[in-house]
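Colleague: The following comprises the amino acid sequence and a computationally predicted model.
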Amino acid sequence: MNMQVPVLNIIGPVGIGKSSAADAISEMLEHDYALPHAVVDLDHVRRGFPAPSEDPFNMELGFKNLAAVWNNYRSIGAKCLIIPSVMESREHLDKMRLSIPGADIFVVRLVASLEVNHDRIRGREKTLDSLNWHLQRSTQLAEELSQKNLENVIVDTEGKLPTDIGREIILKWGIIERYGSTGRL
């Protein structure tokens, strides 16, 4: 029998601040609560070239890598998992559950105005082609995700520091109440 694994899945369009929020949450869980956890950026563990034509975003590779990496983190005592990712469907959430036996997934969708989101993208992209692709993709994803209702809660990131966003997410996730302030059951 598998024990439940609290999984925080931070979703949103490209450039919205998923990775920054995950990093801030990880810092707080470590330093403020001593809660054993892991962070796996699903967008990073599926990055590979070339991607199969039938899976242009390498989602299947990402879920296989997620399963392997989670097993390694679990073996050293991680009790929960934080996954920033562009998650686009319930099917993808189901595949995440298969990758993490016992996953109790809590989905937070980050939002901001397109203007703010696009300003963030402009600050990070290094080529015009990449900038244009990410601007178009962020617009498309923001619209699609607003209609799919994959999330448990929405967190507006506009005008907030990653630490403020992280604190808000931790409260909404309820992970500290579940494990206590020392990270122990």
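Modeller: Received the coordinates, thanks. Every value quoted in this text rests on a predicted model; they were computed, and no experiment measured them. Residues are numbered from 1 along each chain as shown.
Colleague: quick one: least confident helix or strand in this structure?
Modeller: helix 175-179 (a mean of 89; mean pLDDT, DSSP states H and E).
Colleague: Counting by contacts, list what the longest helix anywhere in the chain packs against.
Modeller: When the chain is parsed with DSSP state H, its longest helix is helix 128-148. Judged by 3 or more Cβ pairs under 8 Å, 6 or more residues apart in numbering; DSSP states H and E, the packing partners of helix 128-148 are strand 103-111, helix 114-124. Any C-beta I mention is one placed from the backbone N, CA and C, and that applies to glycine too.
Colleague: Contacts only, for residue 131.
Modeller: 121-122, 125 (Cβ atoms under 8 Å, 6 or more residues apart in numbering).
Colleague: Quick one: which of those has the lowest pLDDT value?
Modeller: Minimum pLDDT across the contacts of residue 131 is recorded for residue 125, with 88.
Colleague: so how far is residue 58 from that residue?
Modeller: Between residue 125 and residue 58 the distance is 20 Å, computed by Cβ to Cβ, to the nearest Å.
Colleague: Leaving out sequence neighbours, find the closest residue to residue 21.
Modeller: Nearest residue to residue 21, sequence neighbours excluded (Cβ to Cβ, 6 or more residues apart in numbering): residue 165, at 4.8 Å.
Colleague: From what I see, the one you found and residue 111 are in contact.
Modeller: No - applying Cβ atoms under 8 Å as the test, residue 165 and residue 111 come out as separate, 11.0 Å apart.
Colleague: Can you name the residues that contact residue 112?
Modeller: Contacts of residue 112 by Cβ under 8 Å, 6+ apart are 16-17, 120, 156-158.
Colleague: Which pair of those residues spans the longest distance?
Modeller: Maximum pairwise distance among those (Cβ to Cβ): 13.9 Å, between 120 and 156.
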